[in-house]
Structures are given as C-alpha cells and as structure tokens.
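Participant: output the structure for:
(one chain, ligands or ions: 1)
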Amino acid sequence: MTGQSERIHGERAIRSIVIVGGGTAGWMAAAMLARRLEKQRVKITVVESSAIGTVGVGEATVPGIRDFFREIGVTEREVMAASHGTVKLGIEFADWKRPGHSFFHPFGLYGMRSRGVAFHHYWQKLRAAGEPVELADYCLATAMAKQNVFMLPTDRPVHDLLFFDWAVHFDAGLFAKFLATRAVSDGVTRVDATISTVRINAQTGLIDGVDTNCGKAIDGDLFIDCTGFRSLLLGAALGSGYEDWSNLLPCDRAVAMPCERAGPLTPFTRSTAFAQGWQWRIPLQHRVGNGLVYASRHLSDDEAVATLRSRIEGAPLAEPNLIRFRTGHRRDFWRGNCVGLGLAAGFMEPLESTSITLIQTGIEKLLALFPDRDFDPALASEFNRSTTLEYERIRDFLLLHYWANDRRGEPMWDQCRDTALPEALANKLRLFRARGHLVRYEWESFQDPSWLSMYAGFDIAARTYDPAADYFSIPDLQSALARMRESIGKAVALGEPHDAFLKAYAVAS
Ligand code: FAD
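Facilitator: Reported below is the predicted structural model:
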C-alpha cells in the first residue's frame with residue numbers, strides 16, 4: 001500500500017532516538033528497539049557515562065524476562081552462560097509472617113481446576129473440614145525448589161497440574177554488557193560521555209538535544225531517559241514530579257554485598273525478614289548476591305552494614321554498596337518527546353523483582369504507542385495511565401507482604417500492620433475473605449497463583465468457598481489430592497540437581 005497515510009507517517013517519522021544511560025534499562029531499550037525498528041532505519045544512540053557507572057544491583061527476574069530474550073533473538077542458555085545465570089523458580093519468604101515460619105511464592109499453578117472450579121476452593125473446603133492440607137504441596141515449582149532440582153518445562157510430562165514457569169538470576173553488569181554487544185552489532189551507536197545539559201526548545205517544550213561535558217552536542221527526535229535515580233531528562237530537565245509512596249512501604253535504603261559461594265546453589269531467591277527490613281540472597285554460578293533492604297527510621301547505615309556482614313554465608317567479594325531510594329514513580333512517565341525507563345521512571349523495592357519487568361513492559365508499551373514527530377499527547381497520556389496502574393498493582397502486592405505480617409513487638413512491623421490500605425487492595429482482600437474470590441484488575445503483573453501464595457503463606461483465610469466445590473465429597477477430594485501429590489512427586493523425580501543442570505546447560509563462558 002502506498003496510500004497517503006503511509007506517506008504522511010513517513011514524512012513525520014521518528015528518525016533518531018537518543019537513550020541516555022547505559023544500565024540495564026538503557027541497554028534493554030537499545031537491544032529491543034534496534035530489533036523492532038530495524039526496517040525503519042531509525043538511528044539509535046546510547047550515551048552512558050563510565051565516570052558515573054550504574055547502580056550495580058538487580059539480579060533477580062520474573063518469567064516474563066524470557067519473552068524479552070526471545071524478542072531480541074537470544075536464548076536463555078546464551079544469556080545464562082554470559083551472565084553466570086541460575087534458575088529461579090520463585091521466592092522463599094522466611095520469617096515474614098513470624099520468625100521461624102516460611103512459605104514459597106512459586107512461578108507455577110496450584111493443583112487442577114475441576115468442573116470449572118479453581119483448585120483453591122477444594123483446598124479451602126478440605127481445610128474447613130479440618131483436613132491439614134497445604135496448598136504448597138500441589139505446586140510443581142515449589143516441590144522442585146524444595147528438592148533443589150530443575151528441568152526445562154519442555155522436558156516434563158504434559159499435564160495441567162505439572163505446569164510451571166521459570167525466570168533467571170544473573171549478574172546484572174554482565175547482562176548489560178551482553179545486551180550492549182548485541183545492540184551495537186545491530187547498529188546502535190555507543191557514546192561514553194557525561195551529559196551536562198539538556199536543551200529544551202522554548203517554543204515546543206520538547207528536548208532538542210543533550211550536550212556532553214566535553215562539548216559534544218547530541219540531537220534527536222525521541223529521548224529515552226535511563227539515567228537511573230538522577231532522572232536527568234524526565235525529572236530534572238522536564239520537571240515531571242514524583243508520586244511518593246514512602247507512607248505505604250517503610251523501607252528507603254539498601255546495602256548490597258556479594259560473597260563467595262557457600263551452601264547449596266538454590267533455584268530460588270530467598271527473602272528473609274528481620275526487625276528493620278529484609279535480606280535477599282540470590283545465588284549465581286560464581287557468587288552469591290546479598291543485600292539488606294531496610295527502613296532508615298529504624299536502622300542506621302552502619303548498623304545495616306554490620307547486620308549484613310553478620311548474616312552472609314561466604315567471604316565478601318566487594319565493599320558494601322549503600323543505596324538510598326524513595327518508593328514511588330514520576331507523575332508523567334512520558335512527557336513531550338521523552339520517555340523514562342528503569343530507575344529514572346520510578347522504583348519499588350526489589351521484594352518481588354519487579355523493576356526489570358517494568359523496564360520490559362515500558363519498552364513494549366512504547367513500541368505499541370510509538371509516536372511520530374508530532375508526539376500526539378494521546379499516546380503519552382495512555383502510556384502514563386497504563387504505567388501508573390501497573391505500578392499501583394505492584395505496589396499493592398508488595399504492601400500485602402508487609403501489612404499481613406505477624407511479627408509482633410517490632411516497631412517497624414507493628415506500624416506496617418496498621419497501614420491504611422489503598423481501596424483496590426482492600427477490595428481484593430474483602431473478596432478473598434468473602435468466598436475465596438480472586439480479583440484481577442487491569443495491568444496486574446501478578447496473577448492468581450501469586451496472590452494465593454501470599455494468602456496461604458500469611459494464613460489469610462476465606463470465610464467460605466465456591467459452593468460448586470460441594471459437587472465432590474470429602475473422600476473424593478482426599479483421593480484426588482493424593483493422586484495429584486503422587487503425580488508431582490513423579491515429576492520432581494525427573495528433575496536434575498540445579499548445579500548439575502547448569503553445568504550441562506549454561507556453564508558460564
Ligand atoms: P542505572 O543502573 O543507575 O544506570 C544509569 C545509567 O545512566 C548509567 O549508565 C549511568 O552512567 C548513566 N548516567 C547517569 N547520569 C548520566 C549523565 N549525566 N550522563 C551520561 N550518563 C549518565 N530489579 C529487578 O528486577 N530485580 C532485582 O533483583 C533488583 N534488585 C535491586 C536491588 C536494589 C537494592 C535496587 C536499588 C534495585 C534493584 N533492582 C532490581 C532494580 C534494578 O537494579 C534497576 O531497575 C536496573 O538496574 C535498571 O537500572 P537503570 O538502568 O535504570 O539505572
């Protein structure tokens with residue numbers, strides 16, 4: 001078709017994109033845009049500053065990252081080999097409900113639906129009848145994580161009950177390097193310089209270009225701000241304000257310190273709560289990523305470093321990396337001709353590894369709403385609406401982890417239980433309590449099994465269950481569940497120990 005619309009679009013098409021920042025966000029954007037805009041011959045430049053560096057954390061992902069790998073034409077095997085990657089089947093939450101208690105948030109389903117009724121209603125029916133049935137026993141991902149084994153989903157017997165998904169842990173610095181190599185081979189230009197000025201056109205309010213501190217001017221049509229917490233373009237230059245959620249989520253600092261490998265190479269992230277925050281443990285092939293996320297009102301930085309040192313398993317491999325953050329997001333993620341991605345757009349603590357996935361969905365949304373040089377405000381408006389919802393849904397999921405705690409007598413956790421919940425989350429809880437109903441809002445990152453794992457993990461019980469579950473008698477259900485446990489047991493036996501799997505699959509090059 002050579003119609004007028006195509007010609008007009010061609011005349012006003014974006015000719016050049018400038019990505020400022022070369023951390024995970026900048027290079028993910030560059031790699032994906034280079035692939036997807038290949039035919040349009042858009043010039044893509046990444047400006048990064050080796051003098052400033054990157055935030056140096058961000059090692060755990062969610063399964064959607066594997067779609068990103070596919071989109072840019074690489075395999076899990078290649079990424080994991082290049083970044084010392086390991087498998088992630090979910091997150092173990094230790095001591096969150098109370099010290100000594102733990103539960104697992106898996107990337108997988110629980111049990112099987114039957115007669116249109118979700119499995120958890122049968123589980124609730126048995127619980128109501130006094131049966132000590134654990135939801136976690138009906139999830140293959142959880143069972144594999146407990147046994148420290150893994151197999152590729154394609155290697156499992158085909159059966160709904162045996163569905164699971166997986167994500168990866170990786171060395172974030174090596175992952176960004178891997179992406180940069182690909183992006184550059186796909187035609188992206190890389191500039192190592194520090195941006196000192198953002199030039200804004202006084203008439204249009206759009207960014208004309210950025211200038212480096214050695215006098216180089218870099219102009220473009222579309223700018224992507226990936227400058228991390230600095231938010232140099234979107235926040236500092238264009239003045240997009242910040243929606244601050246510090247009143248909802250208590251933590252505002254982190255300290256990270258990798259250590260030598262010690263203990264088992266678990267195919268999951270561990271998050272362990274303590275009086276003033278929580279600790280992460282992320283096993284990689286060559287080291288273990290560790291850190292604390294904490295509330296500065298309750299713990300000083302020195303105390304945090306001392307606490308982390310006392311809790312890590314192996315010899316430290318670096319000095320502590322202290323990071324301050326403000327939970328929330330830019331009011332506009334897209335303003336004029338500038339879109340913010342990564343930490344420049346907003347940040348919520350890494351409790352559920354959601355920052356990299358927000359970068360990925362941000363890039364996908366930008367491509368779905370890709371503008372021309374007229375920058376129709378309707379496109380930015382939809383980007384901002386949907387991204388705000390996506391942030392709010394994640395915020396609510398994180399908030400549930402804090403609010404539902406039963407760690408009594410510790411000031412931070414006592415305050416968390418008193419937090420007034422946003423209405424969307426309060427409504428979810430009301431409906432679950434009423435009859436085990438799981439609400440799905442628009443732009444939810446976490447699906448039913450994730451919410452269920454929290455309800456079950458924190459003992460948030462439903463008053464009753466779907467009456468259709470009464471189709472089966474208690475003995476019927478007992479024997480059906482016994483068969484499910486047996487199938488899961490047989491599937492787990494097909495798995496390989498995680499480290500043996502990695503040796504054969506993705507040994508680091
Ligand atoms: P950065 O890594 O900070 O990169 C910013 C880039 O901008 C750098 O290249 C820098 O040089 C450049 N830059 C800045 N100013 C200028 C300038 N003036 N001129 C030129 N260049 C400039 N996410 C997850 O998904 N999973 C996790 O497990 C996870 N853990 C985390 C733990 C902690 C404690 C924190 C704080 C974050 C974590 N995140 C996690 C978030 C994750 O680290 C980030 O989302 C991700 O690294 C993206 O960062 P970024 O690229 O936006 O910023």
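Participant: what residue ranges in the stretch 51-200 of the chain score low on pLDDT?
Facilitator: Within the stretch 51-200 of the chain, the segments meeting pLDDT under 70 span 156-158.
Participant: all helices of it, in order?
Facilitator: Assigned by DSSP state H, counting those that start in this stretch, the stretch 51-200 of the chain shows helices spanning 65-71, 76-82, 119-128, 140-147, 172-185.
Participant: for the helix ranked longest in the chain, name the packing helices and strands.
Facilitator: Longest helix in the chain, counting residues (DSSP state H): helix 377-403. The helices and strands touching helix 377-403, judged by 3 or more Cβ pairs under 8 Å, 6 or more residues apart in numbering; DSSP states H and E, are strand 328-330, strand 334-335, helix 355-368, helix 411-417, helix 423-435, helix 448-457. (C-beta placed from N, C-alpha, C; glycine too.)
Participant: and the fourth one, which residues are buried?
Facilitator: Think helix 411-417. Neighbour counts over helix 411-417 (16 or more other Cβ atoms under 10 Å) mark 412, 413, 416 as buried.
Participant: picking up where we left off before, distance to the ligand and mean pLDDT for the helices and strands packed on helix 377-403 - can I get that in TSV?
Facilitator: Below are the helices and strands packed on helix 377-403 laid out as TSV (distance: least, Cβ to the nearest ligand atom, whole Å; pLDDT from 0 to 100):
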stretch	distance to the ligand	mean pLDDT
strand 328-330	12	98
strand 334-335	16	98
helix 355-368	3	98
helix 411-417	18	98
helix 423-435	22	98
helix 448-457	15	98
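Participant: so which of the ones you listed is the most packed in?
Facilitator: strand 334-335 (a mean of 27; mean count of other Cβ atoms under 10 Å).
Participant: so how far is it off the chain centroid?
Facilitator: Relative to its parent chain, strand 334-335 has a centroid offset of 22 Å by Cα atoms, centre = their mean, to the nearest Å.
Participant: could you report the neighbour count for the closest residue to the ligand within the stretch 301-450 of the chain?
Facilitator: For the stretch 301-450 of the chain and the ligand, the shortest gap (Cβ to the nearest ligand atom) falls at residue 342, measuring 2.3 Å. By the criterion of other Cβ atoms under 10 Å, residue 342 has 29 neighbours.
Participant: OK, contacts around the residue nearest to it when sequence neighbours are not counted?
Facilitator: In this structure, residue 342 finds its nearest non-sequential neighbour in residue 25, 2.6 Å apart by Cβ to Cβ, 6 or more residues apart in numbering. When contacts are counted by Cβ atoms under 8 Å, 6 or more residues apart in numbering, residue 25 touches 226, 228, 341, 342, 343, 344, 359.
Participant: please look at the last one and residue 340 and confirm they touch.
Facilitator: Yep, that's residue 359 we're talking about. No: under the criterion of Cβ atoms under 8 Å, residue 359 is not in contact with residue 340, lying 10.3 Å apart.
Participant: in space, what's closest to the residue of the stretch 51-200 of the chain found nearest the ligand - neighbours in sequence excluded?
Facilitator: For the stretch 51-200 of the chain, the residue closest to the ligand is residue 58, as judged by Cβ to the nearest ligand atom, at 2.6 Å. Excluding the flanking residues, the one nearest residue 58 by Cβ to Cβ, 6+ apart is residue 172, at 4.3 Å.
Participant: how close does that neighbour get to residue 140?
Facilitator: 28 Å (Cβ to Cβ, to the nearest Å).
Participant: helix, strand or coil: sort out the nearest residue to residue 280 once chain neighbours are set aside for me.
Facilitator: Excluding the flanking residues, the one nearest residue 280 by Cβ to Cβ, 6+ apart is residue 291, at 5.2 Å. Three-state call for residue 291 (DSSP: H, G, I helix; E, B strand; the rest coil): strand.
Participant: so how far is the ligand from residue 291?
Facilitator: As judged by Cβ to the nearest ligand atom, to the nearest Å, residue 291 and the ligand stand 6 Å apart.
Participant: tell me who's in contact with that residue.
Facilitator: Residue 291 makes contacts with 57, 254, 255, 256, 257, 279, 280, 308, as judged by Cβ under 8 Å, 6+ apart.
Participant: the third one looks like it's in a strand, true?
Facilitator: By that I understand residue 255. Yes: according to three-state DSSP, residue 255 belongs to a strand.
Participant: mind listing what it touches?
Facilitator: Residue 255 sits next to 291, 292, 294, 301, 304, 305, 308, 320, 321, 322, 323 when contact means Cβ under 8 Å, 6+ apart.
Participant: got it, and the first one?
Facilitator: Residues in contact with residue 57, defined by Cβ under 8 Å, 6+ apart, are 172, 254, 256, 289, 291, 321, 323, 350.
Participant: could you report the neighbour count for the first one?
Facilitator: This means residue 172. Neighbours around residue 172, by other Cβ under 10 Å: 21.
Participant: give me the mean pLDDT for stretch 268-279.
Facilitator: Stretch 268-279 shows a mean pLDDT of 98.
Participant: then stretch 223-243?
Facilitator: 98.
Participant: wait, doesn't residue 210 sit right on residue 225?
Facilitator: No: in this structure, residue 210 is not within contact of residue 225 by Cβ under 8 Å, at 10.1 Å.
Participant: for the two, list the residues in contact with both.
Facilitator: With Cβ under 8 Å, 6+ apart, residue 210 and residue 225 have common neighbours 20, 233.
Participant: neighbour-wise, which of those two wins?
Facilitator: The neighbour comparison of residue 210 against residue 225 (other Cβ under 10 Å) goes to residue 225, with 35 against 24.
Participant: name the helix or strand for the residue nearest to residue 342, please.
Facilitator: helix 24-36 (DSSP states H and E).
Participant: give the buried residues for that helix.
Facilitator: Burial within helix 24-36, assessed by neighbour count using 16+ other Cβ under 10 Å, is assigned to 24, 25, 26, 27, 28, 29, 30, 31, 32, 33, 34, 36.
Participant: the ligand contacts on this structure?
Facilitator: By Cβ under 6 Å from any ligand atom, the part of the chain that sits against the ligand consists of 20-26, 47-49, 52-55, 57-61, 172, 194-195, 226-228, 230, 232, 254, 256, 291, 323, 325, 342-344, 350, 353, 355-356.
Participant: which ones among these map onto strands?
Facilitator: Among these, the residues falling in strands (DSSP state E) are 20, 47, 48, 195, 254, 256, 291, 323.
Participant: would you mind measuring from the first one to residue 370?
Facilitator: Per Cβ to Cβ, residue 20 is found 19 Å from residue 370.
Participant: okay, the two: which has more neighbours?
Facilitator: residue 20 (28 against 16).
Participant: which residues touch the more buried one?
Facilitator: 26, 47, 195, 210, 223, 224, 225, 226, 227, 232, 233 are the contacts of residue 20 under Cβ under 8 Å, 6+ apart.
Participant: same thing but 6 Å
Facilitator: By Cβ atoms under 6 Å, 6 or more residues apart in numbering, the residues touching residue 20 are 47, 195, 225, 227.
Participant: same check on residue 174?
Facilitator: Under the criterion of Cβ under 6 Å, 6+ apart, the neighbours of residue 174 are residue 83.
Participant: again, 7 Å this time
Facilitator: 82, 83, 84 (Cβ atoms under 7 Å, 6 or more residues apart in numbering).
Participant: count the neighbours of the residue nearest to the first one when sequence neighbours are not counted for me.
Facilitator: With Cβ to Cβ, 6+ apart as the measure, residue 178 is the residue that lies nearest to residue 82, at 4.3 Å, once sequence neighbours are left out. Residues contacting residue 178 under the criterion other Cβ under 10 Å number 20.
Participant: am I right that residue 468 falls within a strand?
Facilitator: No: Residue 468: not assigned to a strand; according to three-state DSSP it is helix.
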